[in-house]
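[1] Quick one, structure for this:
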Amino acid sequence: MKSSYRLSNRGYSLLELVLVLAIVAVLVGLLLPKGFDALRNARIQEVKTTVSTLKTALTDLITMPGGTGSIPRTEGTGIPTTGTALTGATDIAKGNGARLDAVLLAIGKLERPLTLRMGSQVYTPTGTGNEMTWDQSTGTFVITPDAAPQRNWSGITRVEARSANPALAPSAAEGANFRLDGITDRSGDVIIAYLLIKNCPAKDAYELALSMNAPQLAPIEGAACDVGLVAYAAPVDGITDVYVYLAEI
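    This is a model prediction of the structure:
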């Protein structure tokens, strides 16, 4: 008896495969950029939330009873230290070892170490030796036992503070100058606190500045940013270090 049906073992034709691949390519082309944009927007919102948290923490530090009413410098000259060896170290070595977010953690103004998905995410220093820690009772950094700093946190995303330098454009000042209104440099007699995002992708840097600044302070994509709350040098090989203004006193 012959079967009443016939099983087909016919495969796909080349034309059918080409059509399927074309449809998949179109869908990927439409959806992939939207996925990247969504991830970038999430990173930007995380930075903005972190900036808000840091501003509150800095206000608490400045107004804390028994405090100095100021922000300790962690970069450049004037970093407060105790101990002959630590105090006698170079400003660069002390700046590499000191971080303002470490101060905020030590006094309980931040609940956990700083982490961001934008920029460099490796939160470990180079070098060895004991850590520079903040002593609130003396208002200084110390190393126990006293020694010259060997740890170097300069390659990570962190919070810092330094004396203003209005002689430098914000894109070259490494956090020492911001033109918040697009024109006016910071006064030379203030200490500026800022968030430094290391090795930030150029597109993220541009979109962050676009999001945090007023429309009239919109940056030019691919160029240095010298206006508003966000400053950075022109990207090299698709990355740049981003400085975000937090406070000054």
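[2] quick one: least confident helix or strand in the chain?
    Least confident helix or strand, the chain: helix 14-63 with a mean of 83, by mean pLDDT, DSSP states H and E.
[3] which secondary structure elements does it contact?
    With contacts defined as 3 or more CB pairs under 8 Å, 6 or more residues apart in numbering; DSSP states H and E, the packing partners of helix 14-63 are helix 100-106, strand 191-201, helix 202-212, strand 239-248. To be clear about C-beta, it is placed using only N, CA and C from the backbone, and glycine gets the same treatment.
[4] Among these, which comes closest to Val47?
    When the helices and strands packed on helix 14-63 are compared by CB to CB, helix 202-212 sits nearest Val47, at 6.0 Å.
[5] Which positions within that closest one qualify as buried?
    202, 204-210, 212 (16 or more other CB atoms under 10 Å).
[6] how close does the residue most central in space within the chain sit to Leu246?
    In the chain, the residue lying closest to the centroid (CA atoms, centre = their mean) is Ile197, at 2.1 Å. Distance, Ile197 to Leu246, by CB to CB, to the nearest Å: 12 Å.
[7] can you pull up the bridge partners for the residue nearest to the centre of the chain?
    Val242 (DSSP bridges).
[8] gap between Ile71 and Val142?
    Distance from Ile71 to Val142, by CB to CB: 18 Å.
[9] Around the nearest residue to Leu54 once chain neighbours are set aside, how many other residues sit close by?
    In this structure, Leu54 finds its nearest non-sequential neighbour in Leu246, 5.4 Å apart by CB to CB, 6 or more residues apart in numbering. Leu246: 23 surrounding residues under other CB atoms under 10 Å.
[10] pLDDT weak spots in the protein?
    1-12, 16, 25, 27-35 (pLDDT under 70).
[11] ok, now with 90
    Residues of the chain that meet the criterion pLDDT under 90 lie in 1-37, 65-68, 115, 120-125.
[12] and the closest residue to Leu114 other than its chain neighbours, what is it in contact with?
    For Leu114, ignoring the flanking residues on the chain, the nearest one in space by CB to CB, 6+ apart is Asp101 at 4.7 Å. Contact analysis of Asp101 by CB atoms under 8 Å, 6 or more residues apart in numbering lists 54, 110, 113-114, 158-159.
[13] possible to save these as TSV with distance to Glu131, neighbour count and secondary structure?
    Converted to TSV, the contacts of Asp101 look like this (distance: CB to CB, whole Å; neighbours: other CB atoms under 10 Å; DSSP: H, G, I helix; E, B strand; the rest coil):
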residue	distance to Glu131	neighbour count	secondary structure
Leu54	21	23	helix
Leu110	16	21	coil
Pro113	13	11	coil
Leu114	15	20	coil
Arg158	14	23	strand
Val159	16	25	strand
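[14] Downstream of the least confident helix or strand of the chain, the next helix or strand is which one?
    helix 84-87 (DSSP states H and E).
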